[in-house]
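Asks: Return atomic coordinates for the entry below.
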Amino acid sequence: MKRTYRLLAAFTLFSLSMQISFSQQGPLGIFETHSDVGNPAKAGSAAYDTQAQEYTLNGSGINMWAVKDQFQFAWRKIKGDFIISATVRFIGKGTDPHRKIGIIARDNLNTDSRYADACVHGDGLTSLQFRQADGAQTEQIVMSSYHPIHIELQRTGNTFTFSAATTGENYKTVSKEIALNDEVYAGLFICSHNDTVMEKAVFSNVRIIIPVSKDFRPYRDYIGSHVEVMDVFTGHRKILHSAPNSLQAPNWSTDGKQLIYNSEGLLYTYNLQNSAINKLNTGFANQNNNDHVLSFDGKQLAISHHVGEKRISTLFTLPVTGSDKPVQITSPDSGHSYLHSWSTDGKKLIFTGQRNNQYDIWSVDIATRKETQLTNTPTLDDSPEMSPDGKWIYFNSVRTGTMKLWRMKPDGSGQEQVTFDEYNDWFPHFSPDGKWIVFLSYPKEIDPADHPWYKKVYIKLMPASGGIPRIIAYVYGGQGTINVPSWSPDSKKIAFVSNTQLK
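Replies: Residues are numbered from 1 along each chain as shown. Sure, this is the predicted structure:
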């Protein structure tokens, strides 16, 4: 249950000069350039829409198969391990059913180069294609995903993994050992499979992720961050701000004008109208973790600040505009208190408390400081949030052996499980209209009592009235991604953090 946040002296929040091309947007976004491979009869093109953050590729080419390839390629050079993901769609009905779009990594720009790709065909065929030697025959591993729109190509050493999904479903994956150069040309491609025809495709939600190294040390090492917003119902994502250090857990203000996130023990505001970033005054509270929550009326902010040499997480309140003197609510003598919710009437804070040698859900009366225990299990209960109608507190619990979502009445009675699959679910957050819940899902191999940094995770959406959750985002993140309520006031978007090495 580690949540200690240590200062990183190596970076400051505004060290934008440290950011390089994975976060900067050039004429072709995060790619260096584009070119045709194999000299197709019709020259291709590539363009980047800075507002929509989408790439449009037009391309011809006889094929990407056999011993030579012809296609349009938006690329950059990447060394070592990476993950490239995108949401893809053809424009128009097309001419040849074997037209192709996807993500590719190859040794060079020669037509017969070694390569591996994540390929989606016009007729729905989905396969990991590869050429194991220059000039060799192309081979493929066919996937069971039909007409996917979310695709990902991951390199780990010489293992290339293609993951694909239609909207709402889990990734399906195939892998193959392919010996490519340490530095490859990697990016997006389109091939018409007919050199007399131009085909067109749009790639959105494109991310190049450089994951943590094998010697990564949690809570000591950190990588870069993207603050993103996503339309929950269309799936479109947009990066608002990037930094080479750790940014975490954005709230969305109730007036819709700003986000509030934490970094290196401090809180910052991001102005959604002009992109201005300012430090939020929290006075002496300068060792804040990623548990910060706005009251339902949007006027107050509660924070978890580490107190004393033992760095005990302690709850404080202050106006949302900031204060030199936050008001202390819990005592560090009682143990760690990790904030997660206000009550709808603004009179109580609901938190995960370390009491009696275990972590349970507690509430504290702000006026009297009286604490009330709401759950009592030897396993971890965490991340409580009150529903907007005040009738329920949702939380996650590992009491069944897998971390799942639960709910209970505000007095702790009527505890019942809400999600039931094999994934480990964390951080249930209600939309302001009370109709939806988003939450984070870790794969089953993750320790169910942990929510670690820098993993491939899903963001899921489910009706508050009950129903089967569906995946709305495929993210590299975890701890710090969506720890706090982050819905927009109109209940249409969420804010979250994704991660990558930004050198």
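Asks: in the stretch 101-250 of the chain, which spans are strands?
Replies: Applying DSSP state E, counting those that start in this stretch to the stretch 101-250 of the chain gives strands spanning 115-121, 126-131, 139-142, 150-156, 159-165, 172-177, 183-191, 199-209, 224-231, 237-243, 248-252.
Asks: Given the shortest one, what are its sheet partners and their directions?
Replies: The one in question is strand 139-142. The pairing partners recorded for strand 139-142 under DSSP bridges are strand 126-131 (antiparallel).
Asks: Could you do the fourth one as well?
Replies: Within its sheet, strand 150-156 is paired with strand 82-91 (antiparallel), strand 159-165 (antiparallel), according to DSSP bridges.
Asks: Pull out the buried residues from the longest one.
Replies: Right, strand 82-91. Residues of strand 82-91 classed as buried: 82-88, 90 (neighbour count, 16 or more other Cβ atoms under 10 Å). (Each C-beta comes from the backbone N, C-alpha and C, glycine too.)
Asks: these two touch, right, residue 348 and residue 368?
Replies: No - with contact defined as Cβ atoms under 8 Å, residue 348 does not count as touching residue 368 (10.0 Å).
Asks: what about the two, which has more around it?
Replies: residue 348 (22 against 8; other Cβ atoms under 10 Å).
Asks: who's in contact with that one?
Replies: By Cβ atoms under 8 Å, 6 or more residues apart in numbering, the residues touching residue 348 are 342, 363-366.
Asks: if I look at it, how far off is residue 179?
Replies: 60 Å (Cβ to Cβ, to the nearest Å).
Asks: closest to residue 318 among the contacts of residue 348?
Replies: residue 366 (12.1 Å; Cβ to Cβ).
Asks: pLDDT score for the closest one?
Replies: Residue 366 is assigned 98 on the pLDDT scale.
Asks: Is it correct that it is in contact with residue 347?
Replies: Yes - here residue 366 reaches residue 347: they are 6.0 Å apart, a contact under Cβ under 8 Å.
Asks: So between those two, which is more surrounded?
Replies: residue 366 (19 against 13).
Asks: Please list all residues in contact with the more buried one.
Replies: Residue 366 neighbours (Cβ under 8 Å, 6+ apart): 317, 329, 346-349.
Asks: What of residue 90?
Replies: Residue 90 is in contact with 99, 101, 122, 199-201, counting by Cβ under 8 Å, 6+ apart.
Asks: Kindly provide the distance from residue 451 to residue 203.
Replies: Taken as Cβ to Cβ, the span from residue 451 to residue 203 is 30 Å.
Asks: got it, and residue 42?
Replies: Taking Cβ to Cβ, one finds residue 42 at 20 Å from residue 203.
Asks: In terms of neighbours, single out the busier of the two.
Replies: residue 203 (25 against 19).
Asks: is it true that the more buried one touches residue 54?
Replies: Yes - look at residue 203 against residue 54 with Cβ under 8 Å: they come within range, at 6.7 Å.
Asks: Serialize the strands of the stretch 101-250 of the chain to TSV and add fields for mean pLDDT and distance to residue 426.
Replies: As requested, the strands of the stretch 101-250 of the chain are exported to TSV (pLDDT from 0 to 100; distance: least, Cβ to Cβ, whole Å):
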stretch	mean pLDDT	distance to residue 426
strand 115-121	98	28
strand 126-131	98	30
strand 139-142	98	33
strand 150-156	98	21
strand 159-165	98	21
strand 172-177	98	23
strand 183-191	98	31
strand 199-209	98	20
strand 224-231	98	18
strand 237-243	98	20
strand 248-252	98	12
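Asks: do you know which of those lies nearest residue 387?
Replies: strand 248-252 (17.4 Å).
Asks: Mind giving me the packing neighbours of that closest one?
Replies: strand 258-263, strand 288-294, strand 493-500 (3 or more Cβ pairs under 8 Å, 6 or more residues apart in numbering; DSSP states H and E).
Asks: and residue 463, which of the ones you listed is closest to it?
Replies: Across the helices and strands packed on strand 248-252, residue 463 has its closest neighbour in strand 493-500 (15.5 Å, Cβ to Cβ).
Asks: thinking again about what came up before, narrow the contacts of residue 348 to those that are buried.
Replies: Among the contacts of residue 348, the ones that count as buried by 16+ other Cβ under 10 Å are 342, 363-364, 366.
Asks: Just give me the closest of those to residue 392.
Replies: Distances from residue 392 to the buried ones among the contacts of residue 348, taken by Cβ to Cβ, are shortest for residue 363, at 13.4 Å.
Asks: Give me the phi and psi for the closest one.
Replies: phi -130, psi 160 (degrees, to the nearest 10).
Asks: related to what we said a few turns ago, I'd like the contacts of residue 348 as CSV, with distance to residue 127 and secondary structure appended.
Replies: CSV is the format used below for those (distance: Cβ to Cβ, whole Å; DSSP: H, G, I helix; E, B strand; the rest coil):
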residue, distance to residue 127, secondary structure
342, 50, strand
363, 53, strand
364, 56, strand
365, 60, strand
366, 58, coil
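Asks: quick one: low-confidence parts of this structure?
Replies: 1-25, 503 (pLDDT under 70).
Asks: any idea how it splits into domains?
Replies: 23-209, 255-449 (automatic domain parsing).
Asks: Residue 226: which of the ones you listed is closest?
Replies: Closest among the domains of the chain, using Cβ to Cβ: domain 23-209, at 7.3 Å.
Asks: How far off centre is that closest one?
Replies: Domain 23-209 has its C-alpha centroid displaced from the chain centroid by 22 Å (Cα atoms, centre = their mean, to the nearest Å).
Asks: give the contact list for residue 144.
Replies: residue 172.
Asks: Can you pull the phi/psi pair for it?
Replies: The phi/psi pair for residue 144 (degrees, to the nearest 10) is phi -90, psi 0.
Asks: Would you quantify the distance from it to residue 224?
Replies: 34 Å.
Asks: sorry, back to before: now tabulate the strands paired with strand 150-156 in CSV and tack on distance to residue 501.
Replies: Output for the strands paired with strand 150-156, formatted as CSV (distance: least, Cβ to Cβ, whole Å):
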stretch, distance to residue 501
strand 82-91, 9
strand 159-165, 19
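Asks: Tell me which of those strands approaches residue 294 most closely.
Replies: Comparing the strands paired with strand 150-156 by Cβ to Cβ, strand 82-91 comes nearest, at 30.7 Å.
Asks: Dump that closest one to CSV, restricted to CA.
Replies: C-alpha atoms of strand 82-91 as CSV (Å, rounded to 0.1, in the frame of the first residue of the first chain):
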residue,chain,number,x,y,z
PHE,A,82,8.5,0.6,-27.7
ILE,A,83,4.8,0.4,-27.9
ILE,A,84,2.9,2.2,-30.8
SER,A,85,-0.9,2.3,-30.6
ALA,A,86,-3.6,3.8,-32.7
THR,A,87,-7.2,3.9,-33.6
VAL,A,88,-7.5,3.2,-37.3
ARG,A,89,-10.1,3.5,-40.0
PHE,A,90,-10.2,3.4,-43.8
ILE,A,91,-11.9,6.2,-45.6
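Asks: Cheers, nothing more for now.
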